[in-house]
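Participant: fold the stuff below for me.
(one chain, ligands or ions: 1)
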Amino acid sequence: MKLLFASSEIFPLAKTGGLADVAGALPIALHRAGLDLRLLMPAYRGVARQAEARKIANLGDPFGLGDTILLEGRLPDNHLPLWLIDNPRLFDRDGGPYQDSQGVDWPDNDMRFGLLGWAAARLSQANSPVAWKPDILHANDWQTGLAPAYLKAWGDSRPGLVFTIHNMAYQGLFPPALVPRLGLPWSFYAMEGFEYWSQLSYLKAGLVYADKLTTVSPTYAREIQTPAYGFGMQGVLADRAADLGGILNGADYAIWDPARDRHLHGGYGIGDVRPGKAANKAALQRELGLPQIPDAPLLVVISRLSDQKGMDLLPAVMPAVIAQGAQLAVLGSGQASQEQAFLALAEACPDHVAMHVGYAEDLAHRLQAGGDILLMPSRYEPCGLTQIYAMRYGTLPVVHMTGGLADTVVDATYDAILQGTATGFRFDQPTASAFQWAIERAIGLYRHPDQWARLQANAMRQDFGWDHSAAEYLALYRSLRSDEPPGGVPFRPQTETLPP
Ligand code: ADP
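Facilitator: You can find the predicted model right below:
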């Protein structure tokens, strides 16, 4: 079976969050399972060189923005075949995939990701200019949402279409005048098409026109069918419930494993977690300018700073937490008000709080290894990878019970501790007081080193490797191919509703 996997970011070539980690790891597991695949993403500045890519086709000039060239290269390290959409006018610039270096959205994101969706569709058509054609097109998030719409509009034979929602909040909304500019039919600009409150939604295009929809955890698949989490699309999703399922994301343990992590000050595993983490903690405290107190509980945050992540709850909680002798290290960027709040906290309490504004892959690894407790108070969380990585590093997560956080972290209740299943701390309501109580529970257990060590061992033993999830995707792809034998893990639609 041949798979084209389209994403706007793929680790290690371009990353702003979990989507890149998924796009850089799931295809490896699918390839291991026997799929013949191509990854597809834009040729952002510098990417073609890193991937050692060369031209294989001219896709033409659908939008009057210059010819778009298809380059073929390899993903660094694992050598998966990679296709790049090269259009210098749209992609060859400094800055991030979606925003400039000041954090402002690129004004031409409509055309940039219109082109990505168009190219994914073009390469999936029977008359594609490239000989290799997919049996399945797997598109991810709004940036690739137009691909299913194009294929439906063009009408000829096409591959099975899978669309994965990594975050419902980002909907790719643009003015309707784009419809003819993108070469799409006006008939699709309707309530049952990609129209959304008088705008064109790239996300909705994916939701409406793909054959199967997935999201990245079973709980989130249920949540997004409700008004609280559906961001207005809950009705569309409820209509498609029979084709919607949740497949939990995995972790790439080749990259996120404290035993072989090249960013650390010495590796460790379950057998030597105490000395291993102590050495990494001391080095981290030194690196961040925090006092090197071995038994001060070190809370860590590695996060985009947006409303979603709930980090605005943290400053209010910190005085009480600091009073208990804890330290806090934050790595994050995003909303200026949140960056400022943490910088102010670090200035006011330099012996307890360190703030690193920005994006730093290597520091993220060192925080996972040197921290004791990871904080993730997300208001909603489609899956969340940071808490999954934290567990492997013996850093126990404190999480709001939502989405993938609810599906991956087992709360340290009395029973769960006794049964050896507890892996972290959960709280029900996204309020400062509930969050504070959960942190205090974590600190309380941290003060009992033997119990803490048992929880760490439970957490480190969890296996969120990609192979199980890849088997679920494989079964889903097969279900779209009449010529493929069924097999693997059956796809379970998320038709059951949430309890009130
Ligand atoms: P999301 O995709 O919503 O941002 P996830 O938890 O799924 O959240 O994935 C976040 C990924 O981005 C993880 O790999 C995490 O280590 C990384 N990350 C987030 N913020 C930063 C940062 N400021 N610096 C380095 N890595 C970060």
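
Participant: how about the CA coordinates for the worst-scoring helix or strand of the chain on mean pLDDT, as CSV?
Facilitator: Sorting the helices and strands of the chain by mean pLDDT, DSSP states H and E puts helix 414-419 at the bottom, at a mean of 94. The C-alpha trace of helix 414-419 is given here as CSV (Å, rounded to 0.1, in the frame of the first residue of the first chain):
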residue,chain,number,x,y,z
TYR,A,414,-4.5,5.9,47.2
ASP,A,415,-5.7,2.8,45.3
ALA,A,416,-3.6,3.6,42.2
ILE,A,417,-0.5,4.0,44.3
LEU,A,418,-1.2,0.7,46.1
GLN,A,419,-1.8,-1.1,42.8
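
Participant: and it, which residues are buried?
Facilitator: Residues 416-417 are the ones in helix 414-419 that count as buried (16 or more other CB atoms under 10 Å). (Each C-beta comes from the backbone N, C-alpha and C, glycine too.)

Participant: what's the mean pLDDT across the following helix or strand past it?
Facilitator: Later in the chain than helix 414-419, the nearest helix or strand by DSSP states H and E is strand 425-427. In this model, strand 425-427 has an average pLDDT of 98.

Participant: partners of strand 425-427, with directions?
Facilitator: Its sheet considered, strand 425-427 pairs with strand 396-400 (parallel) by DSSP bridges.

Participant: distance from the chain centre to the strand it pairs with, please.
Facilitator: 17 Å (CA atoms, centre = their mean, to the nearest Å).

Participant: give me the contacts around that strand.
Facilitator: Here strand 396-400 makes contact (CB atoms under 8 Å, 6 or more residues apart in numbering) with 310, 372-379, 381, 384, 387, 390-391, 405-406, 409, 412, 423-428, 430, 435, 438-439, 442, 452, 455-456, 459.

Participant: following that strand, which helix or strand shows up next?
Facilitator: helix 403-408.

Participant: what is the rounded mean pLDDT of that next one?
Facilitator: Mean per-residue pLDDT for helix 403-408: 98.

Participant: circling back to that earlier point, what's the least confident helix or strand of the chain packed up against?
Facilitator: Applying 3 or more CB pairs under 8 Å, 6 or more residues apart in numbering; DSSP states H and E, we find helix 414-419 packed against helix 449-461.

Participant: what does the helix it packs on contact?
Facilitator: So helix 449-461 is in contact with 269-270, 273-274, 390-396, 410, 412, 417, 420-424, 445-446, going by CB under 8 Å, 6+ apart.

Participant: what lies in contact with the least confident helix or strand of the chain?
Facilitator: Against helix 414-419 from outside (CB under 8 Å, 6+ apart): 410, 422, 451, 454-455.

Participant: make a ChimeraX selection of the buried ones in the contacts of helix 449-461.
Facilitator: Of these, the buried ones can be selected in ChimeraX as follows, counting by 16+ other CB under 10 Å:
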select :270,273,390,391,392,393,394,395,396,410,412,417,422,423,424,445,446
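
Participant: quick one: low-confidence parts of this protein?
Facilitator: Within the chain, the ranges that satisfy pLDDT under 70 run 483-500.

Participant: and it, which of its residues are near the ligand?
Facilitator: 17-18, 21, 302-304, 331-333, 359-361, 364, 383-386 (CB under 6 Å from any ligand atom).

Participant: how about Tyr196, phi and psi?
Facilitator: phi -140, psi 110 (degrees, to the nearest 10).

Participant: what about Gln151, distance to Glu287?
Facilitator: Small correction: residue 151 is Leu, not Gln. Separation of Leu151 from Glu287 (CB to CB, to the nearest Å) stands at 50 Å.

Participant: just Gln436 next, same as before
Facilitator: Distance of Gln436 to Glu287, computed by CB to CB: 27 Å.

Participant: who's more crowded, the two?
Facilitator: Comparing Gln436 with Glu287 by other CB atoms under 10 Å, the one with more neighbours is Gln436, at 19 against 16.

Participant: once you drop chain neighbours, what's closest to that one?
Facilitator: Val317 (4.4 Å; CB to CB, 6 or more residues apart in numbering).

Participant: so that neighbour touches Phe435, yeah?
Facilitator: Yes. Applying CB atoms under 8 Å, one finds Val317 in contact with Phe435, separated by 5.7 Å.

Participant: one step back: which among the residues of the chain next to the ligand end up buried?
Facilitator: 17-18, 21, 302-304, 331-333, 359-360, 364, 383-386.

Participant: now, which of those sits nearest Ile293?
Facilitator: Leu331 (20.2 Å; CB to CB).

Participant: ok, the closest one to Val357 distance?
Facilitator: Using CB to CB, we find Leu331 at a distance of 8 Å from Val357.

Participant: now swap in Lys133 and tell me
Facilitator: 45 Å.

Participant: same question, Asp257
Facilitator: Taken as CB to CB, the span from Asp257 to Val357 is 28 Å.

Participant: can you check Gly269 too?
Facilitator: When Gly269 is compared with Val357 (using CB to CB), they lie 32 Å apart.

Participant: quick one: contacts for the residue in the stretch 401-500 of the chain that the ligand sits nearest to?
Facilitator: Per CB to the nearest ligand atom, Gly404 is where the stretch 401-500 of the chain lies closest to the ligand, at 7.9 Å. By CB under 8 Å, 6+ apart, the residues touching Gly404 are 216-217, 219-220, 248-249, 381-384.

Participant: which residues touch Ile388?
Facilitator: Contact partners of Ile388, counting by CB under 8 Å, 6+ apart, are 249-251, 408, 462, 464.

Participant: now do the same contact list for the residue in the chain that the ligand sits nearest to.
Facilitator: For the chain, the nearest residue to the ligand under the criterion CB to the nearest ligand atom is Gly18, separated by 2.4 Å. By CB under 8 Å, 6+ apart, the contact list for Gly18 reads 166, 216, 249, 382-385.

Participant: between the residues you listed, which is closest to Gln368?
Facilitator: Nearest to Gln368 among these, with distances taken as CB to CB, is Leu385, at 11.0 Å.

Participant: do you know how far the closest one is from Phe342?
Facilitator: 22 Å.

Participant: and for Val330?
Facilitator: On the measure of CB to CB, Val330 and Phe342 end up 5 Å apart.

Participant: give me the common contacts of these two.
Facilitator: Counting by CB under 8 Å, 6+ apart, the common neighbours of Val330 and Phe342 are 311, 353, 355.

Participant: need these in CSV (columns: neighbour count and distance to Tyr473).
Facilitator: Shown next, in CSV, are those (neighbours: other CB atoms under 10 Å; distance: CB to CB, whole Å):
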residue, neighbour count, distance to Tyr473
Met311, 25, 31
Val353, 26, 41
Met355, 20, 38
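
Participant: got JSON lines for these, with secondary structure too?
Facilitator: Listed next are those as JSON lines, based on DSSP: H, G, I helix; E, B strand; the rest coil:
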{"residue": "Met311", "secondary structure": "helix"}
{"residue": "Val353", "secondary structure": "strand"}
{"residue": "Met355", "secondary structure": "strand"}
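
Participant: can I get these in TSV with distance to Lys281?
Facilitator: Shown next, in TSV, are those (distance: CB to CB, whole Å):
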residue	distance to Lys281
Met311	22
Val353	16
Met355	18
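
Participant: wait, Pro430 touches Gly310, no?
Facilitator: Yes. Contact criterion CB under 8 Å: Pro430 and Gly310 qualify, at 5.6 Å.

Participant: more neighbours, the two?
Facilitator: Gly310 (23 against 16).

Participant: got the contact list for the more buried one?
Facilitator: 376-379, 400, 430, 435.

Participant: so which residues of the stretch 101-250 of the chain form strands?
Facilitator: Assigned by DSSP state E, counting those that start in this stretch, the strands in the stretch 101-250 of the chain fall at 136-140, 160-165, 173-174, 195-196, 199-201, 212-215, 244-246.
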